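Chemist: coords below, sequence missing:
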């Protein structure tokens, strides 16, 4: 199913071969200033063709708001977002369509649906993430304006090139300067580097590793680390965040987590494999593809985090407001009562400022 | 599916032949005083055996809270509610099990599930409504305490005996005293009458009509009218309420609507029909059954209305709080701006008192 | 929330003033032949400007499939559907924007969202139904191909002009020719009449009634009756269908129901009312509007019915397939066993042909 | 929210201090043989008091089916499951209630709900997992009978004691005997070992590590590895399974994944910390607790995996059945056509056996 969230709900659509990709954002608070530029900034960080480290497919990925705003302000109604697919190349029923790409979802998609898009990965194309990034940008804008919450992600490893400290099992062993990095790092700094890694020396080695893979018609994976700052305590979430969370609920400290991306499955190297019908053969993908996706994955990770936090925060705001509207309880046991009074005041402070 | 609601969510379980019936209420605001007696009052209005107008099946329908409260206060966690089935009579594999009761869901349930409970209607039994009434009582308590909202339902027709004015197509033609009835009627008054109809003269005719059906081993249908008072304006709902609603959104006036109940399908009269296997025969249901369900349906209608309003109100509170946390908009067009400022103040007033 | 359904899920977007309206259909079975023409046929029956009985607003309402198909066949992935808003007139911040139209959702929308579209009704515009009709056309095509299910709706009343028999409380009193009408009526026949009423004599009186309202700058309401033929027995639904249903489950006979539409709120007659700020004044709406919506509502009713049946049928197919994959039960009690064997065979027959 | 799944849906309830814990399973296929013993087997593997490695809290955790079955066969209606809390100790408002346990969810729960259970962890208690394990046992039984799918989990690390090979980044480097272990390991073998680790030598070192922590009034974490065998290809899932999955869809090979559990937060060691009100002090938890949860977590991991697979499989069965009911497509492009015919046959084979 293609819907995320229960109050702030995002439904995406689109494949690489269709007319457009996009999403509907349902449940966005009314009264939020929102124009295309707010969304475009993240889509442009995600789009292909940003440097020689990414795919040469040329897509401007310009977003157009279809509904849900007027005079640049959200109405509270569903926001339709659309990004045209521009650089579609004519489909040629080529031999390569007969081969599922090894380790790509080509084969599993066919098993799931019984029919598959003839080219470009169909729904499994990375273009599906455009809708998520666009919706995430809206969530981010609300969270920044209403709560000062910030999301910053960066590349923390490419293949075996890893930022120091990032793979330690026990985060109490992280040195002080790593905690400071999480507290202070900004997107502007990240974007100055083509790999989007904040460590200059490591970044250079990552760049070399990517270009090496590219030269060999191969691909490499990596990880993205993301920090979320200023999340109020008390936000539930179903995710597996490792820092800033207890019992699945935020504790008010910085939240950080790490996401791994496997090497892209589409490579130009000749591979011994088999057709859909089980006949042995050799697949050498032409097409255009990324030798490494992690630099472009940075805004995707930020956006997915924003969607999760946005939905959890709206649910929590609903819970707090609902509790704050109840009359005070006179006969509550002392310990419970103290706790509850404390919390109610906090609710009032939050909702009346 | 057996779940209602998106924020205040109720999942029911139970058939007439099982150990218990009940529900889980997920999403109840924390800090609400809640003990069994708050729920029992509506279950007792619903239970069988209240008068000679209803089924003699003897169930006390005592509810036990399993979770979600401590010291009589809700914790915000799921509330488990359980009501034991007491008056189960031993099942006897009787001939009558071979016949789907005409106009009952016996046959359609078998078509849907391919297997059916052997007696008492299974999931299609009216006992399924116990979970709804119990959950509705919780919703009612919150809505009363936090917003002063009231739900009052009453019997407005039994078979062809109809309260005056109730069936007019155009409610602008209702006389002033009908509007006053809707504004002032109370449950205490309703409950003084065994039919639960507020019009003495009409009630007496309804009672005669029910006893007449009972004497003939037959059954009759009827309607319940419900009024909801003090609903804030701006509450969306998916229901088809006919009064107090525009564009599916409450306008702040009393909401009222009418629900029809068909005659119970289980009757003791001999009926020419066919077995599940298509063999002609005669069904004469023994068992215990209601000649007319509408007096007992009054708390069911109130509870279903409370569940709908509760969920819609929590969603709306979430929307208003989310909007109120945004900074003021400086460059909003004059007409929009005026509207929004107006509404924001109202939000603050509501959430800070 | 703007999503319908749990397996076949439709999320709509769009207001009258935006760039486009449309929807995403998630969960459509793969392998269904689908081109724009399949959808356009119902949109064209719904579009404004079809006759002198409807609004002169001129919208071609041409649909474009954005995703989810290739070579005219569904892929099983989300289907994006878009219809441009063409005939938008420049907004003029007119005086009339200051008045909520009496009985329109203008005022309640403002209460719900705290901000509202400045013109044309925004999300409350009838243009929101375009997404539903487009999605419903896809559901209809699947249901026709896979099960032979048919949906036919027609106008059964306009103001006080009512087709005979349609308002009887007890449908056992319907004459034989009404049942035959439900069993045989076709869309081609309905569409020959500008009011979309199958009774010539009644239709002529309805047409006169609509033109009379139009001449008086007034509007009238009416009802649409819909029949659904060839629905398999055993389909659950949450709707309040009155015929062909028992215990909320279809019994295999024709299902029919009736939907009422109130008179459109936008009329050109001068009305004494008040502005949003509570100042008394006179509203005389200019704009373009329908004197009566029921002729255009016919495909909307068919589509909503198709969405409900489609989702319920996919859920039921899932249940039957799941049950059919279990090994036979050897120790089942005789009555249950007989029932279940019977049903299992039926499942196999259905899924293997 | 306490509900999992979209077709096979599980809603849990219960805290450690309440009358019972349990769940409602909605959407279970009808016709599945199911008695308490089918569920008890996994609950007994999860229950406390199994050995000197786990908490001495003595709970039999006997499950009682409340609804949804008759004569030991599922009806397709909601299955209510209940497990009484037996070994509740009287609550004493002790000093320790004033301290949130460091790294426990005590504090975050209070922030989320504004009120908290006074003892035993409330909803954050591990007893919440009873409902999940009970529901998972039902899913497992269906999946085994209908598809031969098997779930086997085992302990793969305790603190720094790790099974060989289990922490390698690239699973292509796993030796052949590890793959064989995943393909052949059985629960009977796992349960012979008190730690539930299949490697005798490693298990002994794990046992020593746990007892060492216990002696020091401390606790340790660990990991559980789970293999799922015989999953049909084509099952979508939102989870982050690392093996047997491409593009989020199963490829038909064994699926395996690893879950980490942090050390339990409740320990008897004295800890310098602060009360809820921010006053410094020393917390020395009495109570009963586990020095290491991973041996008891084995059935929890299996059950959560079963719930995910069950829901995904029912959705996929629905998709395949829906596609198989469409008539053949005559004008499909050759490559697509070949794929689709192929898949359709497979669907028929699967649904008719």
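Modeler: Looks like it came in fine. Since the model is a prediction, treat every value here as computed from it, not as a measurement.

Chemist: show me where the stretch 251-353 of chain A has strands.
Modeler: For the stretch 251-353 of chain A, applying DSSP state E, counting those that start in this stretch gives strands covering A:255-261, A:271-274, A:280-283.

Chemist: per-residue confidence averaged over the second one?
Modeler: The one in question is strand A:271-274. Averaged across strand A:271-274, the pLDDT comes to 64.

Chemist: likewise the longest one?
Modeler: When the per-residue pLDDT values of strand A:255-261 are averaged, the result is 80.

Chemist: what pairs with it, and is each one parallel or antiparallel?
Modeler: Paired strands of strand A:255-261, with direction, are strand A:222-229 (antiparallel) (DSSP bridges).

Chemist: what's the strand it pairs with in contact with?
Modeler: A:149-159, A:162-163, A:166, A:182-183, A:185, A:206, A:244, A:254-261, A:292-294, A:297-298, A:301-302, A:305, A:309 (C-beta atoms under 8 Å, 6 or more residues apart in numbering or on different chains). (Each C-beta comes from the backbone N, C-alpha and C, glycine too.)

Chemist: can you list the low-confidence ranges for chain A?
Modeler: A:56-58, A:87-109, A:115-125, A:165-174, A:234-236, A:238-252, A:265-288, A:330-353 (pLDDT under 70).

Chemist: change it to 50
Modeler: Counting by pLDDT under 50, chain A shows low-confidence ranges at A:90, A:92-93, A:238-243, A:335, A:337-353.

Chemist: mind listing what's buried in stretch A:33-49?
Modeler: A:33, A:34, A:36, A:38, A:39, A:40, A:42, A:43, A:45, A:46, A:47, A:48 (16 or more other C-beta atoms under 10 Å in any protein chain shown).

Chemist: likewise stretch A:226-234?
Modeler: Within stretch A:226-234, the residues that count as buried by 16+ other C-beta under 10 Å are A:226, A:227, A:228, A:229, A:231, A:232, A:233, A:234.

Chemist: also stretch A:65-75?
Modeler: A:65, A:66, A:67, A:68, A:69, A:70, A:71, A:72, A:73, A:74, A:75.

Chemist: anything in that stretch near chain C?
Modeler: Yes - using C-beta under 8 Å from any C-beta of the partner chain, stretch A:65-75 reaches chain C at A:65, A:66, A:67, A:68, A:70, A:71, A:73, A:74, A:75.

Chemist: endpoints of that stretch, how far apart?
Modeler: By C-alpha to C-alpha, to the nearest Å, the extent of stretch A:65-75 from end to end equals 13 Å.

Chemist: equivalent analysis for stretch A:20-34, please.
Modeler: 21 Å.

Chemist: is it in proximity to chain D?
Modeler: No - Stretch A:20-34 does not reach chain D (C-beta under 8 Å from any C-beta); its nearest approach is 15.0 Å.

Chemist: does that stretch reach chain B?
Modeler: Yes - for stretch A:20-34 and chain B, the contact criterion (C-beta under 8 Å from any C-beta) is met by A:29, A:30, A:31, A:32, A:33.

Chemist: tell me the SS of the third one?
Modeler: To tie it back to what came earlier, the one meant is residue A:31. coil (DSSP: H, G, I helix; E, B strand; the rest coil).

Chemist: count of neighbours near it?
Modeler: For residue A:31, the count of nearby residues is 27 (other C-beta atoms under 10 Å in any protein chain shown).

Chemist: got the phi/psi numbers for it?
Modeler: phi 90, psi 10 (degrees, to the nearest 10).

Chemist: now it, nearest residue through space, not along the chain?
Modeler: The shortest distance from residue A:31 to any non-neighbouring residue, by C-beta to C-beta, 6 or more residues apart in numbering or on different chains, is to residue B:323 (4.7 Å).

Chemist: how much space separates that neighbour from residue A:146?
Modeler: Distance of residue B:323 to residue A:146, given as C-beta to C-beta, to the nearest Å: 9 Å.

Chemist: which of these two has more residues huddled nearby?
Modeler: It is residue B:323, of residue B:323 and residue A:146, that has more neighbours when counted by other C-beta under 10 Å, with 23 against 19.

Chemist: thinking again about what came up before, which of the residues of stretch A:20-34 next to chain B sits closest to residue B:114?
Modeler: Nearest to residue B:114 out of the residues of stretch A:20-34 next to chain B is residue A:29 (C-beta to C-beta; 46.0 Å).
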